[in-house]
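S.K.: no sequence on this one, just coordinates:
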């Protein structure tokens with residue numbers, strides 16, 4: 001990259017472990033810090049380039065995967081003046097309407113997938129599809145259940161709704177429905193307004209200020225809120 005005239009700065013969201021929910025003074029603060037650190041590393045990188053090379057970069061692009069993709073989308077919504085465009089690769093999307101979001105569909109996956117895995121339960125399979133998981137994606141569900149869904153649900157939920165599981169920190173890993181304080185039984189819609197406010201603080205607006213390319217697998221194993229995404233496409237001159 002350097003030989004081709006590129007310079008890059010890389011960061012891991014601004015937090016470096018899975019216990020990010022311990023940070024901040026109130027629910028949602030840790031995610032808000034990710035956004036602030038993204039802005040800071042961009043400003044610092046541009047200043048470093050100007051100081052070292054004697055001129056500003058000709059183009060600045062933001063690129064990220066997973067939570068990093070979430071940061072790219074937020075950056076282009078909130079600080080488009082810093083970038084010429086961005087690439088969001090399978091980024092976590094928090095829609096401006098507050099739902100559907102990860103906390104509405106992941107509990108369904110944690111609750112229904114074990115039933116489907118154990119016996120091929122057709123009702124559990126249908127519940128997964130209703131939650132938004134793509135038809136034909138079932139062969140990916142075991143990997144996502146073991147590697148992604150459980151930890152993502154518990155940690156994000158702890159960040160915005162620490163009161164759900166009392167004194168526990170990020171719940172009970174891989175608990176089955178009916179277990180006390182189990183995230184498989186989490187019902188976002190019935191949680192207090194303060195929880196929804198915390199999610200809203202960390203959500204995207206849909207007002208994308210620079211060109212954005214989003215890369216998402218058709219069978220990626222996580223729901224795609226197509227109606228929400230379509231409603232918040234950037235205007236034609238930014239596509």
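M.R.: On my side now, so go ahead. Here the structure is a predicted model, which means the values were calculated and not measured.
S.K.: Can you verify residue 86 is assigned to a strand?
M.R.: Yes. The assignment for residue 86 (DSSP: H, G, I helix; E, B strand; the rest coil) places it in a strand.
S.K.: how close does it sit to residue 20?
M.R.: 22 Å (CB to CB, to the nearest Å). Heads up, the C-betas are built off the backbone N, CA and C, glycines and all.
S.K.: who has more neighbours, the two?
M.R.: Set side by side, residue 86 and residue 20 show more neighbours around residue 86, with 24 against 21, by other CB atoms under 10 Å.
S.K.: quick one: that one and residue 74 touch, right?
M.R.: No. Between residue 86 and residue 74 there is no contact under CB atoms under 8 Å: 10.0 Å.
S.K.: State the helix or strand in which residue 64 lies.
M.R.: Assigned by DSSP states H and E, residue 64 falls within strand 61-65.
S.K.: what pairs with that strand, and is each one parallel or antiparallel?
M.R.: If you go by DSSP bridges, strand 61-65 pairs up with strand 85-89 (parallel).
S.K.: residues in contact with whichever helix or strand comes after the strand it pairs with?
M.R.: Downstream of strand 85-89, the next assigned helix or strand under DSSP H and E is helix 102-119. Applying CB atoms under 8 Å, 6 or more residues apart in numbering, the contact partners of helix 102-119 are 92, 94, 121, 123-125, 127-128, 130-133, 138, 141-142, 144-145, 149-150, 152-153, 156-157, 160-161, 176-177, 183-189, 199, 222-223.
S.K.: Contact partners for the residue at the greatest distance from the centre of the chain?
M.R.: Here the chain reaches farthest from its C-alpha mean at residue 54, the gap being 36.6 Å by CA atoms, centre = their mean. For residue 54, no contacting residues are found, by CB under 8 Å, 6+ apart.
S.K.: any idea how far residue 2 is from it?
M.R.: Applying CB to CB to residue 54 and residue 2 gives a distance of 17 Å.
S.K.: Repeat that for residue 26.
M.R.: Taking CB to CB as the measure, residue 26 falls 41 Å from residue 2.
S.K.: For the residue positioned nearest the centre of the chain, which non-adjacent residue is closest in space?
M.R.: Centroid-nearest residue in the chain: residue 92, 2.3 Å away (criterion: CA atoms, centre = their mean). Computed as CB to CB, 6 or more residues apart in numbering, the closest residue to residue 92 that is not its neighbour in sequence is residue 70, at 4.3 Å.
S.K.: That neighbour touches residue 90, doesn't it?
M.R.: No. Assessed by CB under 8 Å, residue 70 is found out of contact with residue 90, at 9.8 Å.
S.K.: where's the strand holding residue 64 relative to the chain centroid, distance-wise?
M.R.: The chain centroid and the centroid of strand 61-65 are separated by 14 Å under CA atoms, centre = their mean, to the nearest Å.
S.K.: hey, where'd the helices end up in this protein?
M.R.: Ranges of helices in the chain, per DSSP state H, are 29-53, 67-78, 102-119, 122-131, 138-144, 150-160, 193-202, 226-231.
S.K.: how about TSV for these, with mean neighbour count, distance to residue 59 and mean pLDDT added?
M.R.: Shown next, in TSV, are the helices of the chain (neighbours: other CB atoms under 10 Å; distance: least, CB to CB, whole Å; pLDDT from 0 to 100):
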stretch	mean neighbour count	distance to residue 59	mean pLDDT
helix 29-53	16	11	94
helix 67-78	23	14	96
helix 102-119	20	32	96
helix 122-131	15	39	96
helix 138-144	15	35	95
helix 150-160	22	33	96
helix 193-202	17	28	95
helix 226-231	12	26	37
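S.K.: Having no further points to raise, I will conclude here.
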